[in-house]
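In: Okay, sequence plus prediction incoming.
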Amino acid sequence: NIIGFDEEEKLIAVGDYLYEGSKFMFCRRDGNSAREDMLRMLGTMKSRLQSKPHGGLYYTCLGRGRYQFGNDSEELKMIQDELGDFPLVGFFANGEIFHNRLYGYTGVLILFN
């Protein structure tokens, strides 16, 4: 995340350590794109399921939720609409871990079948 900038010095401050050769990207939070992407991924998951899930875990970033999907748990409703009604628990987090990186503005869905 960008945490500050200095126009005079032409510097940007980010909330992580950067080293020479570090890669980073700029992203813009966009609810419509997030919704389309989530529906695409849920469709892929659904096509791989042999039956309705017996349960699931969902971890999502604090920066998603109501900011991208509205105040009425639309993100969770999309999961239920696409995969059916099954026990689903989870929580909001400040980052999601994948391999050796910490990601933000992502959601992680684990299904038990």
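Out: It's in. Numbering: from 1, shown residues only.

In: what secondary structure does T60 sit in?
Out: What DSSP: H, G, I helix; E, B strand; the rest coil gives for T60 is strand.

In: can you check G21 too?
Out: Under three-state DSSP, G21 comes out as coil.

In: by contact count, what packs against the longest helix that the chain contains?
Out: Scanning the chain for the helix with the most residues, using DSSP state H, yields helix 31-48. Contact analysis of helix 31-48 by 3 or more C-beta pairs under 8 Å, 6 or more residues apart in numbering; DSSP states H and E lists helix 65-69, helix 74-83, strand 107-112 as its packing neighbours. From N, CA and C alone the C-beta is placed, and that goes for glycine too.

In: Any chance of TSV for these, columns mean neighbour count and mean pLDDT?
Out: Output for those, formatted as TSV (neighbours: other C-beta atoms under 10 Å; pLDDT from 0 to 100):
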stretch	mean neighbour count	mean pLDDT
helix 65-69	17	80
helix 74-83	16	93
strand 107-112	16	93
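
In: Need those in TSV (columns: distance to L49).
Out: Below are the helices and strands packed on helix 31-48 laid out as TSV (distance: least, C-beta to C-beta, whole Å):
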stretch	distance to L49
helix 65-69	23
helix 74-83	7
strand 107-112	7
